[in-house]
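Colleague: Need a 3D model of the following:
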Amino acid sequence: MSLFSNFFSKEEKESLDKGLEKSKESFFGKLSKAIIGKSKVDEEVLDSLEEILVGSDVGIDTTLKIIARIQDRVARDKYIGTDELDRILREEVAGLLSENKPEDLRSFDTPAGIKPYIIMVVGVNGVGKTTTIGKLAAQFKKNGKKVVLGAGDTFRAAAVDQLKHWGQRVDVPVVAKGMNTDPSAVAFEAVQYGIDHHADVVIVDTAGRLHTKVNLMAELSKIKRAIQKTVADGPHEVLLVLDGSTGQNAMVQAREFTKATEVTALAITKLDGTAKGGAVIGISDEFKIPVKYIGVGEKVDDLQVFSRTEFVDSLFKKN
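Modeller: Below you'll find the predicted structure:
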């Protein structure tokens with residue numbers, strides 16, 4: 001039974017449990033071996049836990065924070081049995097995640113009073129960026145929002161066509177100017193189209209190339225300025241999409257993009273295909289940027305709003 005108040009539907013929770021199954025099985029398989037024959041949490045158990053967390057791509061700095069918190073609990077409570085370790089892990093990791101995200105999202109919604117709400121999506125090729133945009137559009141529309149997409153990844157073959165396909169699939173308009181055109185011009189026209197057609201959300205795709213930081217910064221800054229020609233405080237959100245299955249490589253990508261532009265939210269994809277779901281914890285903690293969405297499967301509904309409580313419960317819950 002969950003330790004936390006569950007606002008997910010039964011289907012969403014089952015999807016999350018299934019999507020994190022590989023990570024959970026790997027983690028608890030290693031943990032069970034580490035504590036076999038042990039009755040209490042001691043230094044040896046904590047050393048093993050540290051190794052397991054690092055191996056799950058939680059990251060060294062974040063792992064050390066978690067271990068320190070558990071050490072404090074052990075010192076304070078004097079005796080903690082190994083049978084309590086999973087519960088304590090869940091509590092301490094949820095607490096860590098809450099420090100840079102005080103509240104969980106409860107639906108695919110946008111802040112009141114901002115229309116259109118403009119999301120600029122960044123990330124390298126291959127992380128599922130365009131697919132995430134398509135699924136986001138579908139989820140926003142399902143929640144009653146009018147959505148417009150801007151096909152601003154004009155340098156990658158088929159990127160524009162892929163976004164158009166998603167537009168047709170979920171029945172939302174796509175503003176596109178074709179390949180090798182100016183991405184900032186696409187962004188400008190998408191936002192203008194959104195305003196003219198009373199859209200609630202405008203999602204602008206951008207080029208997925210990790211070129212030099214200087215060029216990346218210049219390009220993203222140009223797109224931002226184009227958006228601000230019509231909406232002075234736009235974009236309202238810069239969403240970085242990362243592939244959770246790449247572990248430490250996702251950390252490197254996050255580092256480069258946060259240097260190049262002000263990333264305000266994260267979407268972490270492909271968590272169903274990896275045993276290293278701990279990357280979500282490490283990335284969120286290191287960059288102090290809230291994880292807003294996670295991908296736990298191929299279906300549209302497998303893109304979920306991120307609930308730290310439900311995520312931690314699914315990741316550290318014994319069957």
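Colleague: show me where pLDDT drops low in this structure?
Modeller: By pLDDT under 70, the low-scoring segments of the chain are 1-8, 100-106, 210-214, 318-319.
Colleague: any idea which residue sits dead centre in it?
Modeller: Central residue of the chain (C-alpha atoms, centre = their mean): residue 267, 2.6 Å from the mean position.
Colleague: and that one, backbone torsions?
Modeller: Here is the backbone geometry of residue 267 (degrees, to the nearest 10): phi -120, psi 120.
Colleague: Look up the residues forming beta bridges with it.
Modeller: residue 241, residue 293 (DSSP bridges).
Colleague: what ranges do the strands span in the stretch 1-150 of the chain?
Modeller: Shown for the stretch 1-150 of the chain, the strands assigned by DSSP state E, counting those that start in this stretch span residues 117-122, 147-150.
Colleague: Of those strands, which is nearest residue 71?
Modeller: Closest to residue 71 of the strands of the stretch 1-150 of the chain is strand 117-122 (C-beta to C-beta; 37.8 Å). For every residue, glycine as well, the C-beta is placed using N, CA and C.
Colleague: Note down every partner strand of the closest one and its orientation.
Modeller: Here strand 117-122 is paired, per DSSP bridges, with strand 201-205 (parallel), strand 237-243 (parallel).
Colleague: Next, format those as TSV and append distance to residue 67 and mean neighbour count.
Modeller: Listed next are these as TSV, based on distance: least, C-beta to C-beta, whole Å; neighbours: other C-beta atoms under 10 Å:
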stretch	distance to residue 67	mean neighbour count
strand 201-205	39	30
strand 237-243	25	24
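Colleague: can you list those strands in a markdown table and add distance to residue 167?
Modeller: Output for the strands paired with strand 117-122, formatted as a markdown table (distance: least, C-beta to C-beta, whole Å):
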| stretch | distance to residue 167 |
| --- | --- |
| strand 201-205 | 11 |
| strand 237-243 | 18 |
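Colleague: can you tell which of those is closest to residue 128?
Modeller: strand 237-243 (6.4 Å).
Colleague: Residues contacting the closest one, please?
Modeller: 117-123, 126-129, 132, 249-250, 253-254, 257-258, 261-270, 283, 289, 292-293 (C-beta atoms under 8 Å, 6 or more residues apart in numbering).
Colleague: can you check stretch 252-260 too?
Modeller: Against stretch 252-260 from outside (C-beta under 8 Å, 6+ apart): 122-124, 127, 210, 213, 216-217, 220, 240, 242, 246, 263, 266, 283, 286-287, 289.
Colleague: Same question for stretch 257-274: list its buried residues.
Modeller: Neighbour-count burial for stretch 257-274, counted by 16 or more other C-beta atoms under 10 Å, picks out 257-258, 260-261, 263-272, 274.
Colleague: picking that back up, now list the buried members of the contacts of stretch 252-260.
Modeller: Buried among those (16+ other C-beta under 10 Å): 122-124, 127, 210, 216, 220, 240, 242, 246, 263, 266, 283, 286-287, 289.
Colleague: Could you measure from residue 301 over to residue 149?
Modeller: 19 Å (C-beta to C-beta, to the nearest Å).
Colleague: neighbour-wise, which of those two wins?
Modeller: Each of residue 301 and residue 149 has its neighbours counted (other C-beta atoms under 10 Å); residue 149 has more, 30 against 15.
Colleague: Could you check how far the longest helix seen in the chain is from the centre of its chain?
Modeller: Criterion DSSP state H: the longest helix present in the chain is helix 60-77. Using C-alpha atoms, centre = their mean, to the nearest Å, the distance from the centre of helix 60-77 to the centre of the chain it belongs to is 25 Å.
Colleague: what packs against that helix?
Modeller: In terms of contacts (3 or more C-beta pairs under 8 Å, 6 or more residues apart in numbering; DSSP states H and E), helix 60-77 is packed against helix 43-55, helix 85-98, helix 279-287.
Colleague: tell me what the last one is packed against?
Modeller: Under the contact criterion of 3+ C-beta pairs under 8 Å, 6+ apart, helix 279-287 touches helix 60-77, helix 85-98, helix 248-260, strand 265-269, strand 291-295.
Colleague: which residues sit against the longest one?
Modeller: Contacts of helix 60-77 from elsewhere in the structure, counted by C-beta under 8 Å, 6+ apart, are 41, 46, 49-50, 53-54, 58, 80, 85, 88-89, 92-93, 95-96, 281-282, 285-286.
Colleague: and the angle for that helix with helix 43-55?
Modeller: Angle, helix 60-77 to helix 43-55, by axes from the mean of the first three to the mean of the last three C-alpha atoms, to 10 degrees: 150 degrees.
Colleague: Mind listing what's buried along helix 60-77?
Modeller: Neighbour-count burial for helix 60-77 [16+ other C-beta under 10 Å]: 62-63, 65-67, 69-70, 74.
Colleague: what's the closest of those residues to residue 229?
Modeller: Among the buried residues of helix 60-77, and counting by C-beta to C-beta, the member closest to residue 229 is residue 62, at 39.9 Å.
Colleague: sorry, back to before: let me have the strands of the stretch 1-150 of the chain in CSV, adding distance to residue 18 as columns.
Modeller: Converted to CSV, these look like this (distance: least, C-beta to C-beta, whole Å):
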stretch, distance to residue 18
strand 117-122, 26
strand 147-150, 27
